[in-house]
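Peer 1: the following block contains a protein sequence and its predicted model.
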Amino acid sequence: MESKRTLLARFVTATLAMTGACLAAAQTQSDVHRDAATRNVGGDPFMTKYARAFYCNLADDNNGIVIEARGWNNQTGTGSNAQYRIPLTQIFDDVWGIGNHYVFQYMIKTPDGIVGVDSSNSAAEFSTFNYPAMQSLGLSASFPLKAIFLTHGHGDHDGGAKWALDNLGARSYIGSADSAGKAYNPILIDSTNLSMRTMSIGGKTFWVLPTPGHTPGSTSAVLEVTDHGQTKRVLINGGQSMTNSIPEVAQYLDSIERVYAMASVLRVDGVMTPHIYWDGEGEKLDQINATGRTNPSQNIYGHETVMRMTAVARECSAAWLTRLDATRVLPIWRFNTIEFVDGNPTPTKVAAKVQNGWGALANQKVTFSVAETGASCSAMTNDMGVASCPIRPLRPHKDNVTASFAGAQSAGFVDLPTETAAMACSNGNCK
């Protein structure tokens, strides 16, 4: 016969199991995606503080952080809000920015003029701050403001467009779905064509991508800039916050997924976000003004970080959509990383590990390839997420090896692709 202590232990164990089952059953789809957003951060405290908190603000019942940020929007640059005003700041070799810690505008110098990104809150702000800033960058009759790219039609982004047209003759480009009633005679970007394409704006090439959801005509873009003499590609997000409309949030989710694809294809590794608090760019701008530009610039976050932030934004938007519509079931996006085991590959060991915020990724194919010789091989990951296979020949200090995971999809998960590259060496952990 069982002792009272044994019976009690069995009762406690059964009770804990039932409690765990109830908690698991109580977890909503929204909770699952919020958790995924947290896991996709990868433990990065900066991303947790900004991208994770702001993109998930609605699903987290934390919209107060956005409301507080809107309080920073200041048109005069005087009084108690003067601290939120950011002076003209050089971000890249050919890009400067100005604004406040809520909304920011960019000025790109080209060989024969300036191209703007967004036009501030109002005519008064544009004439008081942006116009003198452009003059300091050489604005003149022979070096004009050639055009302005507008991310969308909200007044805090296109408020100065009419002044720029009337006083500088500068036309603004905007998504066609946001163009109704605009007095500044904008040039239209077709919002019904959701494909990525290039277009010349003021002689500067933009990769544009209509991304409805924040507004019907929100448009994201990728831009090539120069940073310490190096060409870099940066992402301009067309709109950050979401509404309470299920169809609009569904559009927003689709737009984020297409932005991810665009940033991946174009190998984006920097940001120029109009609402600079969403991804922490405001803190980076403060660093530039306090201690100067770093090399690479503070706005070059790195390709993996930009992609990780976008995956976080996708999961936050999925969390909000599934909260608004509890019947909707969406797969979880998992951001993966891959790294060579024990440092660099060697002639006797080529192995890489694939993992994510849920752990190691088992039974997935990893392909290894050598750029210089064309040699390649593939292997499946084991329970530890490690795949290994020989590549012959592999020359130390001459051959660059790329390890790539093409991604995978199941009913519940989308495992995002990832790759890494390193020079082969003779004993691992070589520079």
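Peer 2: Everything's here; your move. Values in this document were obtained by computation on a predicted structure and should not be read as measured data.
Peer 1: how about the helix or strand residue 105 falls within as CSV, C-alpha atoms only?
Peer 2: In the assignment (DSSP states H and E), residue 105 maps to strand 104-110. Provided in CSV are the C-alpha atoms of strand 104-110 (Å, rounded to 0.1, in the frame of the first residue of the first chain):
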residue,chain,number,x,y,z
PHE,A,104,12.9,62.7,-39.0
GLN,A,105,13.7,63.8,-42.5
TYR,A,106,16.7,63.0,-44.7
MET,A,107,18.7,65.0,-47.3
ILE,A,108,20.8,63.1,-49.9
LYS,A,109,23.5,65.1,-51.8
THR,A,110,23.8,64.1,-55.4
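Peer 1: give me the sheet partners of it and which way each runs.
Peer 2: Using DSSP bridges, strand 104-110 pairs in its sheet with strand 95-100 (antiparallel), strand 113-117 (antiparallel).
Peer 1: and the chain, what are its domains?
Peer 2: The chain breaks down by automatic domain parsing into domains covering 67-330, 336-423.
Peer 1: single out the most deeply packed of these.
Peer 2: Across these, averaging neighbours per residue (mean count of other CB atoms under 10 Å) puts domain 67-330 on top, at a mean of 19. For every residue, glycine as well, the C-beta is placed using N, CA and C.
Peer 1: start and end of it, how far apart?
Peer 2: 29 Å (CA to CA, to the nearest Å).
Peer 1: now do stretch 325-335
Peer 2: 24 Å.
Peer 1: using the three-state scheme, assign the residue most central in space within the chain.
Peer 2: For the chain, residue 310 is the residue whose C-alpha lies nearest the centre (CA atoms, centre = their mean; 4.0 Å). Using DSSP: H, G, I helix; E, B strand; the rest coil, the structure places residue 310 in helix.
Peer 1: can you check the pLDDT for it?
Peer 2: If you check residue 310, the pLDDT there is 98.
Peer 1: surely it and residue 259 touch.
Peer 2: Yes - using CB atoms under 8 Å, residue 310 is in contact with residue 259, at 6.0 Å.
Peer 1: the nearest residue to residue 386 once chain neighbours are set aside: which element?
Peer 2: Excluding the flanking residues, the one nearest residue 386 by CB to CB, 6 or more residues apart in numbering is residue 353, at 4.8 Å. Assessed by DSSP H and E, residue 353 sits inside strand 351-356.
Peer 1: output the contacting helices and strands for that strand.
Peer 2: strand 337-340, strand 365-370, strand 386-388 (3 or more CB pairs under 8 Å, 6 or more residues apart in numbering; DSSP states H and E).
Peer 1: for the protein, what spans make up the helices?
Peer 2: For the chain, the helices defined by DSSP state H cover 4-26, 29-40, 45-47, 53-55, 64-70, 123-125, 131-136, 155-158, 161-168, 246-265, 281-291, 303-324.
Peer 1: gap between the third one and the chain center?
Peer 2: It refers to helix 45-47. Put simply, helix 45-47 sits 13 Å off its chain's centre (CA atoms, centre = their mean, to the nearest Å).
Peer 1: how about it: buried residues?
Peer 2: For helix 45-47, the neighbour count (16 or more other CB atoms under 10 Å) marks 46, 47 as buried.
Peer 1: quick one: average confidence on it?
Peer 2: Here the average pLDDT along helix 45-47 is 98.
Peer 1: please list the residues outside that helix that contact it.
Peer 2: Identification of contacts with helix 45-47 by CB atoms under 8 Å, 6 or more residues apart in numbering yields 41, 280, 305, 308, 309, 312.
Peer 1: can I get these in CSV with distance to residue 242?
Peer 2: Formatted as CSV, those follow (distance: CB to CB, whole Å):
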residue, distance to residue 242
41, 19
280, 19
305, 22
308, 20
309, 16
312, 14
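Peer 1: for those, which one is nearest residue 218?
Peer 2: Set against residue 218, the nearest of these by CB to CB is residue 309 (17.7 Å).
Peer 1: the closest one touches residue 51, doesn't it?
Peer 2: Yes - under the criterion of CB under 8 Å, residue 309 makes contact with residue 51 at 4.5 Å.
Peer 1: what is in contact with those two at once?
Peer 2: residue 279.
Peer 1: surely residue 356 is in contact with residue 337?
Peer 2: Yes - between residue 356 and residue 337 there is a contact at 7.0 Å, judged by CB under 8 Å.
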